[in-house]
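# one predicted model, sequence on top.
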Amino acid sequence: MSRRVLVAGVGMVPFAKPGKSEDYFDMGAKAIRAALSDAGLGYETIEQAFAGYVYGDSTSGQRAIYNVGMTGIPIVNVNNNCASGSSALWLARQVVESGAAECVLAVGFEQMRPGPLLNAWGDRPVPMGRHLEVLDRTYGVDRDNPSNAMQFFGGATQEYCKRYGVSPDLFAKISVKSRKHAANNPYAVFRDPVTEQEVLDSPALYGGLTRLQACPPTCGAGAAIVCSDEFARKHGITPTVAIAAQALSTDFPDLFTADDMLKVVGADITKAAAAQVYETAGVDPRDIKVVELHDCFSINEVLCYEALGLVEEGGSEKFILDGDNTYGGRVVVNPSGGLLSKGHPLGATGLAQCAELVWQLRGAADARQVDDVTVALQHNLGLGGAGVVTLYEKVS
């Protein structure tokens, strides 16, 4: 990286069930104000802004940001499916790193409807039509199931179980762990504990997945302000967290020919982005103690253990059974409770992950705090596809 990029401030609002939240522009504005307050900055110091969201009309970013200030700065709206928030942060980081600006805002928000994610446009082919063809050839498309995402990850669950000889019951442990972590997170929607049996007995979805193994749609917002060292010195900001490395990856040519559902749900994207990050930062993934990753379904957390290099391929079962994915183990995965417990307001997710990891690196995560954190890893995935992996480091 040509210039170090600092995370000057972060903010988010508590996530809420659809119909129980404020409007998207109010949530977005509150997250921005929280990030500005955290950084000790006024809005007039922001030189550019990037706003991530999926389900909203054009220029929704302006609608939210204008509630905080109107200074004529460039505002760019970003839709990269579920990776929209981290894609906004990726753009903001690039701007500061390049020297094009000294202080940049990334904000993400989503005001969602209840129920499964649906395609917004019925008069044209869906962007993931070729992905559905792979699913149809391998495990079959349920035409009566309105959720393509549910079927993609259900197909991946079947593929993983077949490839590595594990029981689908294994994945229930992910949901139990997530709820246990979320009990200490006031920003999470679902904080009550669940048992493995309750997870397995919840309504079946597709391919062995059950409802409690799927993230619920929620509403929320998050924001981060990134700046240069020079800006920090000028404005009296004491650096505490920097972006050590970051990568955004998309799919590869064999996605539509290999008939591999793990590729369809982004395992290769995650692996490629993670490899770039580790090479840039010179960090061994086995030395990372805290990770926020994209557990939209329980299977995706398992796939990410391997794609992020936390364990070898096929090693997730032992990792889970040994308790190495939680407090007292080798790495605490999703101390926030993850998407399974916080919910998944699409544009907000990546920036909420950022906020959690910044708090962890500052030692300010309260009851969720992981001991001796010096680096922290974030993973945010959007099917179709885009995957952002970010490594944060503690600085002095």
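That came through, no problem.

# for Pro216, give me its contacts.
Contact criterion CB atoms under 8 Å, 6 or more residues apart in numbering gives Lys17, Val189, Phe190, Gly343, His344 as the residues in contact with Pro216. All C-beta spots, glycine's among them, are computed from the backbone N, C-alpha and C.

# can we see that at 7 Å?
With contact taken as CB atoms under 7 Å, 6 or more residues apart in numbering, Pro216 is in contact with Gly343.

# for it, give its distance to Phe25.
Pro216 sits at a distance of 23 Å from Phe25 (criterion: CB to CB, to the nearest Å).

# what's the answer for Glu47, then?
From Glu47 across to Phe25, the span is 21 Å (CB to CB).

# between those two, which one's more packed in?
Neighbours around Glu47 and Phe25, counted as other CB atoms under 10 Å, are more numerous at Phe25. The numbers are 21 against 18.

# show me what contacts that one?
For Phe25, the set of contacting residues under the criterion of CB under 7 Å, 6+ apart consists of Arg63, Ala64, Asn67.

# just the element for Leu351, please.
Remark: Leu351 resides in helix 346-362, with elements defined by DSSP states H and E.

# could I get the full set of strands for the protein?
Secondary structure of the chain (DSSP state E): strands at 5-12, 48-52, 75-78, 103-110, 220-228, 241-249, 290-292, 332-333, 375-382, 386-394.

# put together TSV for those strands, with mean neighbour count and distance to Glu306 on each row.
Rendered in TSV, the data for those read as follows (neighbours: other CB atoms under 10 Å; distance: least, CB to CB, whole Å):
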stretch	mean neighbour count	distance to Glu306
strand 5-12	26	28
strand 48-52	28	27
strand 75-78	19	28
strand 103-110	32	27
strand 220-228	31	27
strand 241-249	22	16
strand 290-292	26	13
strand 332-333	26	13
strand 375-382	28	12
strand 386-394	25	14
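
# out of everything not next to it in sequence, what's closest to Tyr139?
Across the structure, with CB to CB, 6 or more residues apart in numbering as the measure, the residue nearest Tyr139 apart from its sequence neighbours is Gly155 (4.3 Å).

# how about the contacts made by that neighbour?
Residues counted as contacts of Gly155 (CB under 7 Å, 6+ apart) are Leu135, Thr138, Tyr139, Gly207, Met261.

# where's it relative to Ala8, distance?
The span separating Gly155 from Ala8 equals 42 Å under the rule CB to CB.

# swap in Tyr305?
According to CB to CB, Tyr305 and Ala8 sit 31 Å apart.

# how about Leu91?
Relative to Ala8, Leu91 is positioned 16 Å away (CB to CB).

# try Phe256
Here the criterion is CB to CB. By it, Phe256 lies 42 Å from Ala8.

# would you map the helices across the stretch 1-150 of the chain?
Counting by DSSP state H, counting those that start in this stretch, the stretch 1-150 of the chain has these helices, from start to end: 24-39, 60-65, 84-98, 129-138, 148-164.

# deepest in the core, which of these is it.
Mean neighbours per residue, mean count of other CB atoms under 10 Å, is largest over the helices of the stretch 1-150 of the chain for helix 84-98, with a mean of 25.

# C-alpha coordinates for it, CSV please?
Extracted in CSV, the C-alpha atoms of helix 84-98 (Å, rounded to 0.1, in the frame of the first residue of the first chain):
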residue,chain,number,x,y,z
SER,A,84,-22.2,-3.5,-0.6
GLY,A,85,-21.1,-2.0,2.7
SER,A,86,-17.6,-3.5,2.5
SER,A,87,-17.4,-2.4,-1.2
ALA,A,88,-18.1,1.1,-0.1
LEU,A,89,-15.3,0.8,2.4
TRP,A,90,-13.0,-0.7,-0.2
LEU,A,91,-13.6,2.4,-2.4
ALA,A,92,-13.1,4.8,0.4
ARG,A,93,-9.8,3.1,1.4
GLN,A,94,-8.5,3.2,-2.2
VAL,A,95,-9.2,7.0,-2.4
VAL,A,96,-7.2,7.8,0.7
GLU,A,97,-4.5,5.3,-0.1
SER,A,98,-4.0,6.9,-3.6
